[in-house]
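Novice: build me a model from this:
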Amino acid sequence: MDFLQRLFRLERSQKRLVSIAIDTVFLSFAFWAALLVRVDDVSVLLNTNNWALLATIIPFSILAFAKLGLYRAVLRYMSLQALTAILLGVVASTVTLVFVSYFTDATLPRTVPIIYAAFALVFVGGTRALVRSLVGSGVKRDGEPVIIYGAGVSGRQLLNSLVLSHEYYPYAFVDDDKALHGSVIQGVHVHSPSIIRKLIKQKAATKVLLAIPSATRVKRKEILDRLESLSTQILTIPAMADLVSGNKLYSDIKEVEIDDLLGRESVAPRQDLLTANITDKVVMVTGAGGSIGSELCRQILKKSPKKLVLFELSEYSLYAIERELSATAKELGLNVRILPMMGSVQRENRVQAIMESFGVQTVYHAAAYKHVPLVELNVVEGVRNNVFGTLYTARAAIAAKVETFVLVSTDKAVRPTNVMGTTKRMAELVLQAFSKEKHQTRFCMVRFGNVLGSSGSVVPLFRTQIANGGPVTVTHPEITRFFMTIPEASQLVIQAGAMGKGGDVFVLDMGASVKIVDLASKMIRLSGFDVRDEFNPEGEIAIEYSGLRPGEKLYEELLIGDDVTGTEHERIMTANEVHLSWAEYSKILERLDVACHAFDHETIRDILLKTPTGFAPTDGICDLLFQQTEKNKPTVQNVINLV
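Specialist: Numbers count the residues shown, from 1 in each chain. Here you go, the predicted model:
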């Protein structure tokens, strides 16, 4: 076995020379063995005609094998193509033997070519198959013992990848297909999933590797629900699309995606809606470096806009997304001019100048402060960026005669209990008011819940906490949230924007809400740990409750009223909600602007409460500057003492 390992570590050219030398020996042995078996006289070894015959057929045979690609095949991955090459090569060698013996003085019995062909097949093909079986049947037994879930093509490819590594030792397959149960694939037995717990205990398996990239999300969720109780780490290979595109390999094992746990099947996007506001148009994305903004840019780029304007306040975020998009455009051969523009949506003249200079036709306004606790502690900046930033960007769009303006909103704008949600609802009111005015810009807004993997998502936080040994912190045992993947949310935003007629509030179908503590428990168990609680005090990782943060809701909503209608897209609905005219709303914004300039937090709170946003705060004014100012105010007793 050590000899085989050393052989496999040779350079590719060296391996080919070794293969040619071995085949030369095998073919020579097959030739003499065929003669001895047929003639049964060792004197044939002294016949110079026989040696001349052998010297003629060996080069022709080796050349035939080379032309058929035998020496390009990797032995440990020997396939039907390699076996075909061996068979055809032996046939070519035998035919050469017959023709050369016929046209020379060599006297060759008629049955010798047949015997020679049989020996050549055994020596050339049989030895390769033997070595291949030795490699595939577990030359390597080191590494962590793992079970591969899925014995199809992907599972077999994964097995081949793992055999070469020193990290994992695959000792069993499990598969739902009963027809595969009891079979052996390259020395690894295939079992029913019903005995997976027994298999794990047999070898103290540390991981289960999911090799089912083409399975639907619903099917993957069913499998994960069954595996969850094992408290063994579950890893998976990339999705089939990534494997086919070449972006990922079978050996790129990773943690289970959270969208697999949700079991939500994404709907194929409608290409006509994706391209309507993008293809051959000048498109601008504000907040282009954020979680949603950057994904919007990726989706937009694929639809070949004329120009893509990236508007971003953060220098590094702008640099990162511009570099990524430029590389993607070059890779895909897209002739799209990408324009990285730095600036704030609170500078109306800057935004308007960019829109007019580049002739922007479509705007996706994703720039916003989204983190609820941070906006609670920085109220004025939250109002300035979310409300007035939207106001200035919308006014700039009207002045620049932008065709379509799409606001990326949030479920937290519905009956908000925090300042962030209220400011986003007020941003919606800005666009709803403008939509009733006379101009060329069509305004609409798209409202959805949390996206997986965003900068504020609990998922990366939970992963970090689990990796550090816990505890995993959840704010409240009953808290729930809606979740959607960033790519799906971005595609739906683009499609909804194409359907807008003016002033539309689109609501994305987020599916069922998810209990955060259940999500945390699943992540812990699928990472190979037990949850430590009163029922299982021996568990490795505990879940602790930190309490609701300022302004945080237990349950999120997506709609304000019941006046909801469907659209031509099954995942997009439209809500008809109360809004103000621009004449009414502009007076509110004027007062709010003055209050923000004076840092008058009490007046700001009063305006937010009186504006028809449904604001129902659960906390007092949490702004840090306000609290410090209140703390520094002289009390009545202090004034008396001074007197």
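
Novice: pLDDT below threshold where in the stretch 501-643 of the chain?
Specialist: Low-confidence segments of the stretch 501-643 of the chain (pLDDT under 70): 510-511, 551, 553, 555-564, 566, 634-643.

Novice: contact partners for V351?
Specialist: Contact analysis of V351 by Cβ atoms under 8 Å, 6 or more residues apart in numbering lists T286, F311, G343, V345, Y392, T393, A396. Quick note: C-beta positions are derived from backbone N, CA and C, even for glycine.

Novice: what residues are up against I588?
Specialist: Taking Cβ under 8 Å, 6+ apart, we find I588 in contact with L580, I607, T611.

Novice: how about the helix ranked longest in the chain: buried residues?
Specialist: In the chain, taking DSSP state H as the definition, the longest helix is helix 12-39. Residues of helix 12-39 classed as buried: K15, S19, D23, F26, L27, A30, F31, W32, A33, A34, L35, R38 (neighbour count, 16 or more other Cβ atoms under 10 Å).

Novice: the third one contacts A64, doesn't it?
Specialist: No - D23 lies out of contact with A64 (Cβ atoms under 8 Å); the separation is 10.6 Å.

Novice: hmm, back to that, JSON lines for the contacts of I588, including secondary structure and distance to L339?
Specialist: Shown next, in JSON lines, are those (DSSP: H, G, I helix; E, B strand; the rest coil; distance: Cβ to Cβ, whole Å):
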{"residue": "L580", "secondary structure": "coil", "distance to L339": "35"}
{"residue": "I607", "secondary structure": "helix", "distance to L339": "37"}
{"residue": "T611", "secondary structure": "coil", "distance to L339": "36"}
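
Novice: now, among the residues you listed, which is nearest to R337?
Specialist: Relative to R337, the closest of the contacts of I588 is L580; by Cβ to Cβ it sits at 39.1 Å.

Novice: how close does that closest one sit to F506?
Specialist: Remark: distance between L580 and F506 (Cβ to Cβ, to the nearest Å) = 20 Å.

Novice: just give the closest residue to K302, not the sequence neighbours.
Specialist: L332 (7.5 Å; Cβ to Cβ, 6 or more residues apart in numbering).

Novice: ok, back up a step: what about the contacts of V351, which are in strands?
Specialist: T286, F311 (DSSP state E).

Novice: widest-spaced pair of the contacts of V351?
Specialist: F311 and Y392 (12.2 Å).

Novice: centre of the chain to stretch 411-418, how far?
Specialist: With Cα atoms, centre = their mean, to the nearest Å as the basis, stretch 411-418 stands 29 Å off its chain's centre.

Novice: same question, stretch 344-351
Specialist: Distance, stretch centre to chain centre, for stretch 344-351: 34 Å (Cα atoms, centre = their mean).

Novice: mean confidence score for it?
Specialist: When pLDDT is averaged over stretch 344-351, the result is 96.

Novice: stretch 371-387 now?
Specialist: 95.

Novice: what's the answer for stretch 51-70, then?
Specialist: Averaged across stretch 51-70, the pLDDT comes to 81.

Novice: what sits up against that stretch?
Specialist: Here stretch 51-70 has contacts from 19-20, 23-24, 27-28, 31-32, 71, 81-82, 84-86, 88-89, 92-93, 96-97, 100-101, 104, 106, 108, 124, using Cβ under 8 Å, 6+ apart.

Novice: roughly how far does A204 sit from T232?
Specialist: Distance, A204 to T232, using Cβ to Cβ: 10 Å.

Novice: torsion angles phi and psi at the nearest residue to G449 once chain neighbours are set aside?
Specialist: Once flanking residues are discounted, G449 sits nearest to F482: 3.1 Å by Cβ to Cβ, 6+ apart. The phi/psi pair for F482 (degrees, to the nearest 10) reads phi -90, psi 150.

Novice: surely F482 meets K412?
Specialist: No - with contacts counted by Cβ under 8 Å, F482 stays clear of K412, the gap being 10.6 Å.

Novice: between these two, which one's more packed in?
Specialist: Using other Cβ atoms under 10 Å, the more surrounded residue of F482 and K412 is K412, with 25 against 20.

Novice: quick check: that one is in a strand.
Specialist: No - counting by DSSP: H, G, I helix; E, B strand; the rest coil, K412 is not part of a strand but helix.

Novice: what's the closest non-adjacent residue to it?
Specialist: K412 sits nearest to G421 (Cβ to Cβ, 6+ apart), 3.5 Å away.

Novice: how far out from the middle of the chain is the helix or strand encompassing that neighbour?
Specialist: Secondary structure from DSSP states H and E places G421 in helix 419-434. Relative to the centre of its chain, helix 419-434 is centred 32 Å away, using Cα atoms, centre = their mean.

Novice: who are the packing partners of it?
Specialist: helix 372-377, helix 379-383, helix 389-399, strand 404-408, strand 442-447, helix 582-597, helix 601-610 (3 or more Cβ pairs under 8 Å, 6 or more residues apart in numbering; DSSP states H and E).

Novice: could the ones you listed go into CSV alongside distance to I196?
Specialist: As requested, these are arranged in CSV below (distance: least, Cβ to Cβ, whole Å):
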stretch, distance to I196
helix 372-377, 41
helix 379-383, 50
helix 389-399, 53
strand 404-408, 43
strand 442-447, 42
helix 582-597, 60
helix 601-610, 55
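
Novice: of these, which is nearest F358?
Specialist: Proximity to F358 (Cβ to Cβ) singles out helix 389-399 among these, at 12.4 Å.

Novice: contact partners of that closest one?
Specialist: Applying Cβ under 8 Å, 6+ apart, the external contacts of helix 389-399 come out as 286, 344-348, 351-352, 355-356, 360, 363, 365, 367-368, 405, 407, 427, 430-431, 434, 439-441, 443, 589.

Novice: please pick the buried ones from those.
Specialist: Listed as buried from the contacts of helix 389-399 are 286, 344-346, 348, 351-352, 355, 360, 363, 365, 367-368, 405, 407, 427, 430-431, 434, 441, 443, 589; burial here means 16+ other Cβ under 10 Å.

Novice: what domains does the record give for the protein?
Specialist: Following automatic domain parsing, one gets these domains for the chain: 2-136, 144-256, 271-449+484-510+557-597.

Novice: of those, which approaches N536 most closely?
Specialist: N536 lies closest to domain 144-256 among these, at 9.9 Å (Cβ to Cβ).

Novice: measure that closest one end to end?
Specialist: Distance between the two ends of domain 144-256: 19 Å, counting by Cα to Cα, to the nearest Å.

Novice: G614 is in contact with V414, correct?
Specialist: Yes - V414 lies in contact with G614 (Cβ under 8 Å); the separation is 7.4 Å.
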